[in-house]
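Asker: The following comprises the amino acid sequence and a computationally predicted model.
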6 protein chains.
Amino acid sequence: MTSDPFFRPVSGFDLPRFAGVPSFMRLPHVTPEDARFSEVQIGLVGVPWDSGTTNRPGPRHGPRQLRDASTMIRAEHGVTGVRPFEMVNCADLGDVGPNPADISESMDRITAFYERLRVAGITPLTAGGDHLTSLPVLRALAGDAPLGMVHFDSHTDLFHSYFGGTMYTHGTPFRRAVEEGLLDPARVVQIGIRGTAYDREDRDFADSVGIRVIPVEEFHARGVADVMEEARQIVGSAPTYLSYDIDFVDPAFAPGTGTPEVGGPNSFQALQVVRELAGVDIVGADLVEVSPPFDASGATAYLGVSIMFEMLCIMAPHLARG
Amino acid sequence: MTSDPFFRPVSGFDLPRFAGVPSFMRLPHVTPEDARFSEVQIGLVGVPWDSGTTNRPGPRHGPRQLRDASTMIRAEHGVTGVRPFEMVNCADLGDVGPNPADISESMDRITAFYERLRVAGITPLTAGGDHLTSLPVLRALAGDAPLGMVHFDSHTDLFHSYFGGTMYTHGTPFRRAVEEGLLDPARVVQIGIRGTAYDREDRDFADSVGIRVIPVEEFHARGVADVMEEARQIVGSAPTYLSYDIDFVDPAFAPGTGTPEVGGPNSFQALQVVRELAGVDIVGADLVEVSPPFDASGATAYLGVSIMFEMLCIMAPHLARG
Amino acid sequence: MTSDPFFRPVSGFDLPRFAGVPSFMRLPHVTPEDARFSEVQIGLVGVPWDSGTTNRPGPRHGPRQLRDASTMIRAEHGVTGVRPFEMVNCADLGDVGPNPADISESMDRITAFYERLRVAGITPLTAGGDHLTSLPVLRALAGDAPLGMVHFDSHTDLFHSYFGGTMYTHGTPFRRAVEEGLLDPARVVQIGIRGTAYDREDRDFADSVGIRVIPVEEFHARGVADVMEEARQIVGSAPTYLSYDIDFVDPAFAPGTGTPEVGGPNSFQALQVVRELAGVDIVGADLVEVSPPFDASGATAYLGVSIMFEMLCIMAPHLARG
Amino acid sequence: MTSDPFFRPVSGFDLPRFAGVPSFMRLPHVTPEDARFSEVQIGLVGVPWDSGTTNRPGPRHGPRQLRDASTMIRAEHGVTGVRPFEMVNCADLGDVGPNPADISESMDRITAFYERLRVAGITPLTAGGDHLTSLPVLRALAGDAPLGMVHFDSHTDLFHSYFGGTMYTHGTPFRRAVEEGLLDPARVVQIGIRGTAYDREDRDFADSVGIRVIPVEEFHARGVADVMEEARQIVGSAPTYLSYDIDFVDPAFAPGTGTPEVGGPNSFQALQVVRELAGVDIVGADLVEVSPPFDASGATAYLGVSIMFEMLCIMAPHLARG
Amino acid sequence: MTSDPFFRPVSGFDLPRFAGVPSFMRLPHVTPEDARFSEVQIGLVGVPWDSGTTNRPGPRHGPRQLRDASTMIRAEHGVTGVRPFEMVNCADLGDVGPNPADISESMDRITAFYERLRVAGITPLTAGGDHLTSLPVLRALAGDAPLGMVHFDSHTDLFHSYFGGTMYTHGTPFRRAVEEGLLDPARVVQIGIRGTAYDREDRDFADSVGIRVIPVEEFHARGVADVMEEARQIVGSAPTYLSYDIDFVDPAFAPGTGTPEVGGPNSFQALQVVRELAGVDIVGADLVEVSPPFDASGATAYLGVSIMFEMLCIMAPHLARG
Amino acid sequence: MTSDPFFRPVSGFDLPRFAGVPSFMRLPHVTPEDARFSEVQIGLVGVPWDSGTTNRPGPRHGPRQLRDASTMIRAEHGVTGVRPFEMVNCADLGDVGPNPADISESMDRITAFYERLRVAGITPLTAGGDHLTSLPVLRALAGDAPLGMVHFDSHTDLFHSYFGGTMYTHGTPFRRAVEEGLLDPARVVQIGIRGTAYDREDRDFADSVGIRVIPVEEFHARGVADVMEEARQIVGSAPTYLSYDIDFVDPAFAPGTGTPEVGGPNSFQALQVVRELAGVDIVGADLVEVSPPFDASGATAYLGVSIMFEMLCIMAPHLARG
C-alpha cells in the first residue's frame, strides 16, 4: 500500500527548507471541512494549550514552534530506511483551538475533535500542549476499551490533585484516565521517572493499580534494549497509546520545558526508545510539554519533531501492513 | 512623620546590591502573621498569576523578577528628592498564592488578601500578574464607594468577553469593574491606547459610560504635561486607583510583555506620567503584565520597578501628609 | 466594494492568536494553482532570500518569522479605523522559492512569479528577503513604464558594485533599477539615510540622476508631516513602488537586521511615515531585511508586520476606490 | 531525630513554586540576629563574590540565581527517599556581604561569618561565589585540625600564583589551604581534572604533597562507582570538606561558568558522585562558580541546586544519626 | 596634512566586514615595540578591566566586543563628511593588561602605559573597562596642569568612598581626580545625570567645588544644542578630557552595561552630543562601561563604536589643523 | 626540533585571556606579505564564507568567533602533555576574503591562497566557513596525488547537486572532490553519519566508489577506539586530509550550526576521535560549519577550538618528527 502523492511533503531540493508556510513536516494542511479529509490515515494535530500547567507556562506555543522545526525533517529514516509519507496518507490537520481561560471547555473541544478523527479512521499524532492534553485525547480514543500506554516522562503525572483539590492539571491526567477506565493499568509502563518528589502518593497509586514504573536509575543501569523489551511485553499486541513528555530527555538536550529534571537520557536514547516500539499497535501518540519561551534556540522543538518522525516511522509501517 | 527604621531598605553601601535574599526594594519581608504587620503603611505585594492571559503567558513569573530587579533601586528620588522609605513604613508583604488552574478560586484568594490589607489600613502597591489581577484587588479596595482610576495601557481592557462568552480574562477586568460598581466611569481615564483592534466594542462601551480614552496619537501630540493635567482633573481629589500595564511603554523599552503594541511612549515619559500624579489620593496601585519569559535581559523588570518607585514617591508623601 | 468572506483572517476571539498554521495575518493560503487565485486583489508574498547580503546574513528566514508575528495583527486599524480585509480580497500567496546558491536563477524565479501576479491583476505586498529582492520584483512590475518610489532606509542601495565588480548585491538594487529604466529617478525619494559611508559614490549618482535623498538629520529636524508631504509631491499621482528596509528604524526598535545604523526613527514614526502615504497609487510594496537570527525576541518581526499592516491600510482603500 | 516544623520548606502544593520571596529551597530566612539561629543545624549560605576570578566574571550573581532555581526542589529525594528537611533543622542564613573592591577584607568577612556558624554548631552548605570562596571558609572550619576534602572540578586550583605573584585568585585556594595547614593533602582527592594546561606546576605540587588527582579520562574509563569508592577510602571517616566547582560538569549541562572545559561528566553522573559520599563525615560543603551572566536559561543554576540537594541528602542523615 | 596610507583601515569592499582579525576599526595593530609606533597620532587603546565595579561585572570584556563591532564602521562620517583616517595616523595600540585581582597594580600599569603615549605625543582614545579606568588615564594625561572635562553619564562618579571606606571604585574616580588636582572643577561639566540616589553626598561635593551637573530632566527640556553650547563654554579652549559612560544613553539603546538608569537620551542624541564638541581641544577621550555579558545582541558595542567614531571625527580635524 | 619563540602564544599569566586583539590561540598574526611568513610550519587560516549553505546561514562569522574563543586555550594538552607551540612554528595567517555574492570567484580565491601555503611548505589548519570550503582547499592540497580523508560529520556531503542542478553547495563538496581526483575514495572514511535523508543517492555513490561510511549507530555500538582503529587502517600512512564538521557532535554540545542532527557523540568523544589519529600523516585539516548566529553562548565555538587544539596536538608532533 502506498500513499497518494497529494499527501507528501515538499522536498527541500524543490523548495529550500526555510521557505514556505510551515505545516507539520511540510505536509498538506487538511481541515475536517476539506474534501480529502476522509482519505487521511495519520493526522498530525496541534493542541496549543497549557492551562493545566502548575509551574512555568509556555506549551501553548509548542505546536507552532514544532511546525517550524519540522520543516527540517526529510523523507526517509536514516537507519531503518522507512519512508512513512509514501506508505500512508499523512496530513497536518491544524490545531484544536482551546479556550485558554476555561479548562473544562477546552477539554471538551479537544475530545470532540479527536472523536471526529476516530470516526474518520484517522490515527492521531499530537503535538502538545501540556500533559493534561493526553486526557481529553484518551477520552476520544478509548471509546471501546481501555488502552495500554507506553509513557516516557520524568514524572508519573499520577497525582490525585493539586492545590488542595484541583483535579485537572498536567500532574494528574493519568490518574484521571485510570479512574475513568481509559487506561488498563496492567498495560501501562512509565519510563524515565526521576527528580525530587513531593511525596510517594503517585507511586503508591501506581503500585496499587499495577502500573509499572521504571525510574531513570534503572533505565541507565539496564540500557535501552532491555527496558524496551519489557515495555513491549507490558503493552503486548493490544491497542496502545504512546505518550512522550519531552522532559523525559535530559534538559541539556531539551531545555525548553516547564518542569525539567536533570539526569535524564540523551538525545540518541530519546530516539532509540521509540524505534524499539516497532510493531506495537499504536492507536495514537503525543509529544507534549515543549515550551518555546524556555527554548530560545529551538533545539527542544527540533528534538521534538525528530521524535515525532520516529513515531511516524513505526506507526506508518504498522498501518500500511493493515 | 517619619518611618520606623525597621522598615527601611538595606543600603547598597552596606551590602552590595547583588547580595541578599531579594525582597521588594530590599525592604523587610513582613507577612500578615508577623507582629509588625499592623505597622505597615504601604505594602508591596506580588500576585504571580496569569490565568487571564489570552495570548502569550508569563506574568506569573513577574513578581520574582521584579523583586530581583528592585534591588537596584536606591533610597532617594533623583529629581524630587523624595525619600519614601523614611516617610512611611514600607514592607514586602510577600505573594498572594493563586491556584494556576482555577481562575475563580484565585480571584477569591486575592480579594481576601487585599481585604485584610484594607482592614489593617495598608495601602497596597501590587506587582502583577496579568491585568485580570486588578479586578479582585478593586473588589477589596472599592468597598465603600466606586473609585476613580488612572489607567496606563495600550489596551482598554474593556471588552465584554472572549472566546464566545468567557467573562474573566485580562481583556475584560475594567468592564467587570464598571458593571460591579467598583469604578466610577466618569472618573476613569485610559492613556496610551493603540494598536490594531478586533472592533470598536470596547471603545463604544467607554463612550457609553463616560470613560475618557486618550489614544497614543493624542498623547504624543499633546505631550505629557498637558495630558496628565487632564488626567488629574478627571480623577479629582477623591480616592483613586492607579493601574499601569507595562505594555503602555513602547516594546523597545519594555519587551517583556505578552501583548506588545509598537509606537508607545519611551522610558522617560513612562516615569514622567506617574510623577505628574503627585497629590492625587492614590488608594492602591499596580504594575502588571511584566512577563519574564519574554524579557531575557531583565530590562522590562528594571523599568517596571523604576515605575513602582515613582509610584511610591507620590504615594508616600501623600500618606505622610495624612 | 467589499471583500469575499473567504479572504478574511481568522479572529483571535474564535481561535487564540497563538494557534493555527501561521499564514500572513491569518489569511487563507492561496497558491497560483488554486481556483480562487484570480480573485485575489492584494497578495502577501514571502521571498526568503539573502544571497545579495554583503554583511550579516539571515533575511532568508524573514518571511517565516514575519508570518509568525503577523498572527498578532487584528482586523482594524486603531487610528484610521480602516478594516482592509473587508475592503479587498487579501491572501497569503506563499513564498517564492529561491536557489540560495544561484543569484541569477533566483532573480529570474522572482521576476517570473511577480509577472504572474501582474497578469492576474494582483497587487503584491512582499516580505523579504534582503534588499536585492526589490530588483526582480521591479522588473516584473515596471513593465509598462518606470515607477516612482518611496524608499525608507538607512542606506541608498545605489552603489555601482561591490568587491571589485559584483553588480548584484543588496547595496546595488536601485542603481540597477535606474539603469534598467524600472524607476523614474525624478520620482524617487529616499528617506532616513545615515551611518558611516565608504565614500560618496552612491550620493553622487543620486544627485546626477535627480533622486531626492533625505538624510536622517533632516528627517529629525523637519518632522514626519513635513518630510512626507514632500515625498507625496515627489511621487505624485502616478504608479509608485513602496520599499521599506527595516533598518530605516533605529536598531533599538528593530535590532534584527544585518546592517543596522544607530540614530534612526522610533517605532511611532516608523508607522506614521507609511500612514502619510494614504492616497498614493501604490502598485507594490515590500518590507525587507528582517533577519531573525539577529532578532532573538522577535520584536523586529512584530514591528515589521505592524508596518506591513499600515501598508495594507493605505493600499486597500485605494484599491477599493478603484 | 526530626526537625522542627518551623524549619521546613513551603510546599508547591500550598504555594506554587514560582510564587513567594525566593529563599534557598523555600526554607525560612534566619539571620544570626534571629532568635532561632541557634537551633539551625544545616545553614545554607550565599557568598556572592567573584573578585578572585581571573577570566570571565559573574559568580557574584550566583547565590541569587541559585535561590531562584531552588524553589523547584521538592521535599524528597527521588531515589533514596531521604527527606532532609524533616531530619534536621535547615535554614537560609542569607548572604555574606563581600567588598567587591577589596579581596582581603572580603576574605576576613567570610571567615568571620563561618566562625560564627562553627561556634553555633551549624554545618554550612555554601552557594558561591568563585572558588576562592572555599579558602576563607576553610579557615573557619579547619580550626582544630586539617580537613580531608573531596573536590570535584576540571581544574586543580593548586597554582602558586597568577599574574606574576598574585597569591589569592580562584586558581590558588587549595595551594594556600595546604600551606596554611587547613587541608591534610593525604586526605584530598580531586576528580574530573581536564582541559588545556599552562604547565604542570599545579600537578607537580599535588604529587609533591600527596594529593590524589583523578583526571576525567580516568573517571570516564573507571566509572562513577569505582572512582567514588577510592574517594571514600582517601577521606576515610575523619572530618571532610566537600567542594564542588560546577565546571566539573560538561558545559553542555552547565554552561553558566567562567572557565568551562569540554569533555566532562553528564548531569546524571554529576548527581551520582555526591550520592556516593553517603556516610562520609561532611563538615561543610560548597557549590561554586555558577555564573548567571553566562547562563541565560538558568539551566546551570537548576543543576547547581539539584547538586546542593544531593549534598543535603547525605549531610542530613549523617547529622541526624549524630 | 594627511595620514600615511599604512595607518588606514581595510575597506569592506576589499575584504568583507565580517572577515579578518578584528582590530579597532580595522586599523593596523601597532604596539609600543613597533617601529612605527612613534608615527601614531591617535591611538585606540583597550583597557579590559572591571575591578572597580560595585554592581554587575563585565566591562573587562568590553574592548574585545568593541573591536568586533568596530569592523562595521566605514571611512567617512555620514553628516560632516570627515574622513578621520585620512587626516591623521590612527592605530590600534592593543590592550593594557590589568591584574584582575589587584586594583592598585592595575592602576599603575594603566598610568604607565598612558605616560608612554604622552611622551610619544599620541592622543589616546580609550575603550574601557569600567569608569575607574579614567582615573589612571587622567594621572598620565594631566601631568602639566589640571584638565577640563566633558562627562556624559547617568552618575556623577563623585562619591567619596564605598562599602565603608573603599576609595577606588567606579563610583569615585572623579572625586579622586579633583582631589589629586587632575581636573579643574570649574571646567568640568557632567551631563545626563539621573536615577535613584543613595544620598546627595556626590552632588554636594560637585556644588562645593564648582562642577556643573546637568540632570537628564534639564537635558531633555533644553535640547542638545543648548546644553552643548553651555558645555563648550565651560571647558573653553584649554585642554579637555572627554569621558563617556555608555549608561548615559537609555538602556533600550544601550542595554549592555552594569548600572543602567532608565529615562536617558536616545541613540541619535548619543551621537549628536559628541558632534557638538567639534573644535574643543580634546587631549584624550574614553568610552567606558560597555559590558558584553549583558549585551547578548552586541547592540551596545555597536553604539559604543559609533560614538568612538564620532569622537575620532572631532579629534582628527582638530589635530590635523595642529 | 623546537619552535622559534616568536611563534608562541601570549600566556594568560602575562596578559589575562580576555585581553588583547584576538588572533587564533593568541599566536602572532603573520600575513603572506610578512617577512617571517616563510618560517611558519602550521598556519591557522580563517575562511569566513557560507555561500554554499542551503539551509540556515552563518558560518561566515565562524572564524571571528573561533578566534575569540581560542584565547581560552592554554599551552599544553592536558592528557598527552604535548606542547604544540613549542614543537613547530605556528601562526595565525588571517582570513581568506571571499566574495559573498560570487561562489566561483570565492573558490578561486581560496584555492589561490592555499596554493601559496603549499608552495611555502605550510600545513594549513582551517577554521570555516561552511563545508564547501573544503573543496577549494583540497584543490590546492591535492596537487600531486589524491588524498585520503578522515571525515567527521552527520552528513556525507556526497550529493550530486541541489535545487535541480546546482553543483557547488555545502552538500556536494566531496562528490566533486572525488570526481576531480582530489580524494582517493578507497582511503576515505566518513564517521557519524545520521539524521533523516532525502534519499540514498549519496550513500549509493559512496558504495559505488568505495567510500566507507560509519553511521552513528555503528559508532555508538562499537565505541571510539574500535572505530578509529578502522579509520587509521583506511587512510594508512599516505597523505591524509582531516575534515571535521561541527555537526558531527550532538547539538546539545554544539548548537551553533546550520543543519544539526540529534543523536550524535558527546564532547568527550568529539575530542577523543581526533586524539586517536596521532601518527597519521595529516597534510591539512579543517573545522567547519560553526555558525555564531545560532550559538548565542559561544559554546560551539569553544568546543570548536578545543577540537582545533586536538588537531594541532597530533599535527605538530608529526611535523616535528619530520
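Answerer: Great, that's in hand. Residues are numbered from 1 along each chain as shown, chains lettered A, B, ... in the order given.
Asker: Packing partners of the one helix or strand residue A:303 maps to?
Answerer: Using DSSP states H and E, residue A:303 maps to helix A:299-321. Counting contacts by 3 or more CB pairs under 8 Å, 6 or more residues apart in numbering or on different chains; DSSP states H and E, helix A:299-321 is packed against strand A:42-47, helix A:62-70, helix A:84-87, strand A:123-128, strand A:240-245, helix A:267-275, strand A:282-288. All C-beta spots, glycine's among them, are computed from the backbone N, C-alpha and C.
Asker: Buried residues, that helix. List them.
Answerer: For helix A:299-321, a neighbour-count test (16 or more other CB atoms under 10 Å in any protein chain shown) marks A:299-320 as buried.
Asker: Now that helix - C-alpha only, PDB.
Answerer: Below are the C-alpha coordinates for helix A:299-321, written out as PDB (Å, rounded to 0.1, in the frame of the first residue of the first chain):
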ATOM      1  CA  ALA A 299      16.700  22.900  20.000                       C
ATOM      2  CA  THR A 300      14.000  21.300  22.000                       C
ATOM      3  CA  ALA A 301      11.500  21.700  19.200                       C
ATOM      4  CA  TYR A 302      13.900  20.200  16.800                       C
ATOM      5  CA  LEU A 303      14.400  17.200  19.000                       C
ATOM      6  CA  GLY A 304      10.700  17.000  19.500                       C
ATOM      7  CA  VAL A 305       9.900  16.700  15.800                       C
ATOM      8  CA  SER A 306      12.800  14.300  15.400                       C
ATOM      9  CA  ILE A 307      10.900  12.200  18.000                       C
ATOM     10  CA  MET A 308       7.600  12.700  16.200                       C
ATOM     11  CA  PHE A 309       9.200  11.400  13.000                       C
ATOM     12  CA  GLU A 310      10.400   8.300  14.800                       C
ATOM     13  CA  MET A 311       6.800   7.800  15.900                       C
ATOM     14  CA  LEU A 312       5.600   8.200  12.300                       C
ATOM     15  CA  CYS A 313       8.200   5.600  11.200                       C
ATOM     16  CA  ILE A 314       6.800   3.000  13.500                       C
ATOM     17  CA  MET A 315       3.100   4.000  13.000                       C
ATOM     18  CA  ALA A 316       3.100   4.100   9.200                       C
ATOM     19  CA  PRO A 317       4.500   0.600   8.500                       C
ATOM     20  CA  HIS A 318       2.100  -0.800  11.100                       C
ATOM     21  CA  LEU A 319      -0.800   0.900   9.400                       C
ATOM     22  CA  ALA A 320       0.400   0.000   6.000                       C
ATOM     23  CA  ARG A 321       0.600  -3.600   6.900                       C
END
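Asker: tilt between it and strand A:42-47?
Answerer: Orientation of helix A:299-321 against strand A:42-47 (axes from the mean of the first three to the mean of the last three CA atoms, to 10 degrees) gives an angle of 150 degrees.
Asker: what's around residue A:250, how many residues?
Answerer: Other residues within reach of residue A:250, judged by other CB atoms under 10 Å in any protein chain shown, total 28.
Asker: Isn't it up against residue D:266?
Answerer: Yes: counting by CB atoms under 8 Å, residue A:250 does reach residue D:266; the two are 7.2 Å apart.
Asker: Overlap of the contact sets of these two?
Answerer: Counting by CB atoms under 8 Å, 6 or more residues apart in numbering or on different chains, the contacts common to residue A:250 and residue D:266 are A:266, D:253.
Asker: quick check: angle from the helix holding residue A:303 to strand A:240-245?
Answerer: Using the same axes, to 10 degrees: helix A:299-321 against strand A:240-245 is 170 degrees.
Asker: OK, contacts around the residue nearest the centre of chain A?
Answerer: Centroid-nearest residue in chain A, with CA atoms, centre = their mean: residue A:286, separated by 1.5 Å. Contacts of residue A:286 were listed using CB under 8 Å, 6+ apart, and they are A:125-129, A:133-134, A:137, A:242-244.
Asker: Just put those residues in TSV and tack on pLDDT.
Answerer: TSV is the format used below for the contacts of residue A:286 (pLDDT from 0 to 100):
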residue	pLDDT
A:125	98
A:126	98
A:127	98
A:128	96
A:129	96
A:133	98
A:134	98
A:137	98
A:242	98
A:243	98
A:244	98
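Asker: beta partners of residue A:126?
Answerer: Beta bridges link residue A:126 to residue A:45, residue A:286 when assigned by DSSP bridges.
Asker: That one reaches residue A:47, doesn't it?
Answerer: Yes: assessed by CB under 8 Å, residue A:126 is found in contact with residue A:47 at 5.9 Å.
Asker: who touches both of the two?
Answerer: Shared contacts of residue A:126 and residue A:47 (CB under 8 Å, 6+ apart): A:133, A:137.
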